[in-house]
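Novice: return a 3D structure for these sequence lines:
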Amino acid sequence: MRRYNVEVVCTTDDPVDSLEHHIKCREDGFESKVLPTWRPDKAMAVENPAAFKAYVDRLSEVSGVEICSFVTLIDALRVRHRFFESVGCRLSDHGFEEFYAEDYTTSEVEAIFAKVYGGKSLTEQEIRIYKSAMLVEGGIMDSESGWTQQFHFGVIRNNNSRKMATIGVDTGFDSIGDFTLAKNMAKFLDRLDQQGKLTKTILYNLNPRDNEMVATMIGNFQDGEIAGKIQFGSGWWFLDQKDGMERQMNALSLLGLLSRFVGMLTDSRSFLSYPRHEYFRRTLCNLIGNDVEAGLLPSSELDFIAKMVEDISYNNAKAYFNF
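Specialist: From the prediction side, this is the model:
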């Protein structure tokens with residue numbers, strides 16, 4: 001980490017995690033900041049009632065909140081959210097197939113929680129309603145804490161059931177999904193925006209088909225106060241390569257504002273992933289340099305262009321996340 005001049009690393013952590021190692025790094029005065037990232041996916045995973053109940057019971061134990069309803073579930077998550085904030089957390093991250101934005105009432109969500117917590121399987125519509133409510137509640141928490149929320153979407157996981165039975169989930173049998181995203185994404189963001197609870201947001205698509213859609217979607221919810229408040233995230237997973245990075249940046253440049261881009265995300269737990277940032281910077285420089293040589297960007301503005309590259313590579317993220 002010293003060799004790579006790493007200033008900040010944000011890990012991915014479940015709300016029930018103790019964060020003991022983050023606390024230890026801070027107490028020991030380690031020069032790189034090692035901060036948690038709030039990843040509440042298991043609190044949304046109601047497809048398996050038994051696993052969900054076990055997780056909720058664990059959440060109740062670590063939060064000190066007796067969970068007997070959806071409202072108390074949110075209370076317990078708020079307790080943990082504040083604890084994460086006390087350890088330096090400034091980001092949330094959510095991974096799912098698609099956005100959920102069903103209409104619902106409080107009584108409907110409470111009934112759904114009681115049903116799944118009681119061990120009964122939910123219908124597809126009930127699952128979508130529950131997840132819609134959870135996304136809104138999570139967005140409100142992040143907004144009130146001034147965090148940045150991140151959404152990684154568009155993957156279908158564990159496609160090979162034989163391999164999943166043999167070696168488990170998330171072992172390399174995931175692929176790009178094909179979902180209708182735009183209407184629900186807009187409805188979800190608008191729902192938070194109407195309440196004044198839409199915090200800084202980064203959207204990472206996995207299907208390159210959605211590049212132009214996301215590049216235009218972020219323009220709907222910029223507020224004129226926070227520069228680049230809603231971000232089109234860098235090429236992720238299968239798109240985390242030269243062509244994927246270039247297509248994402250070209251879409252953002254054509255339909256948005258490339259100069260406000262916060263640049264590369266490395267959502268890996270491995271030190272070997274750090275060169276991705278160098279790979280990204282070289283790809284960015286080649287992309288812009290080729291445009292200058294082709295006369296698409298003015299060679300008379302090289303100082304401005306160089307500053308933009310520096311901003312995308314470092315300054316924008318530092319200002320945006322405010323670590």
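
Novice: I'd say residue 260 and residue 315 touch.
Specialist: No: counting by Cβ atoms under 8 Å, residue 260 does not reach residue 315; the two are 10.7 Å apart. No exception for glycine: its C-beta is placed from N, CA and C like everyone else's.

Novice: quick one, which of those two is more surrounded?
Specialist: For the pair residue 260 and residue 315, the greater number of neighbours falls to residue 260 (21 against 14), based on other Cβ atoms under 10 Å.

Novice: may I have the secondary structure class of residue 34?
Specialist: Counting by DSSP: H, G, I helix; E, B strand; the rest coil, the backbone at residue 34 sits in strand.

Novice: so what's it closest to, chain neighbours aside?
Specialist: Of all residues beyond its chain neighbours, the one nearest residue 34 is residue 25 (4.4 Å), with distances taken as Cβ to Cβ, 6 or more residues apart in numbering.

Novice: and the gap between the one you found and residue 36?
Specialist: The gap separating residue 25 from residue 36 is 11 Å, by Cβ to Cβ, to the nearest Å.

Novice: which of those two has more neighbours?
Specialist: A direct count of neighbours by other Cβ under 10 Å for residue 25 and residue 36 places residue 36 higher, at 24 against 18.

Novice: what sits against that one?
Specialist: By Cβ atoms under 8 Å, 6 or more residues apart in numbering, the contact list for residue 36 reads 10-11, 13, 17, 19, 22, 84, 87-89.

Novice: in PyMOL, how would I select just the buried ones from these?
Specialist: Entered in PyMOL, the line below selects the buried ones among those, by 16 or more other Cβ atoms under 10 Å:
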select buried, resi 10+11+13+17+19+22+84+87+88+89
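
Novice: what segments of the stretch 151-300 of the chain are helices?
Specialist: In chain order, the stretch 151-300 of the chain shows helices spanning 161-167, 182-194, 211-217, 242-255, 275-293, with DSSP state H, counting those that start in this stretch as the criterion.

Novice: what's the most buried one of the ones you listed?
Specialist: helix 211-217 (a mean of 20; mean count of other Cβ atoms under 10 Å).

Novice: contacts for that one next, please.
Specialist: 181-182, 185-186, 189, 203, 205, 230, 232, 247-248, 251-252, 254-256.

Novice: which of the residues you listed sits closest to residue 121?
Specialist: When those are compared for distance to residue 121 (Cβ to Cβ), residue 181 wins out at 26.1 Å.

Novice: biggest helix in the chain by residues?
Specialist: In the chain, assigned by DSSP state H, the helix with the most residues is helix 124-145.

Novice: what's next to it, contact-wise?
Specialist: Residues from elsewhere that reach helix 124-145 (Cβ under 8 Å, 6+ apart): 38, 40, 43-44, 46-47, 70, 74, 77-78, 81-82, 85, 92, 94, 96, 99-102, 104, 108-109, 112-113, 115-116, 122, 147-149, 188, 191-192, 195-199.

Novice: can you rerun that using 7 Å?
Specialist: 40, 43-44, 46-47, 74, 78, 81, 85, 92, 100-102, 104, 108-109, 112, 149, 188, 191-192, 197-199 (Cβ atoms under 7 Å, 6 or more residues apart in numbering).

Novice: now stretch 50-64
Specialist: 15-16, 42, 45-46, 66-67, 73, 76, 79-80, 116-117, 119.

Novice: picking that back up, right, so of the helices of the stretch 151-300 of the chain, which gets closest to residue 300?
Specialist: Counting by Cβ to Cβ, residue 300 lies closest to helix 275-293 out of those; the figure is 10.1 Å.
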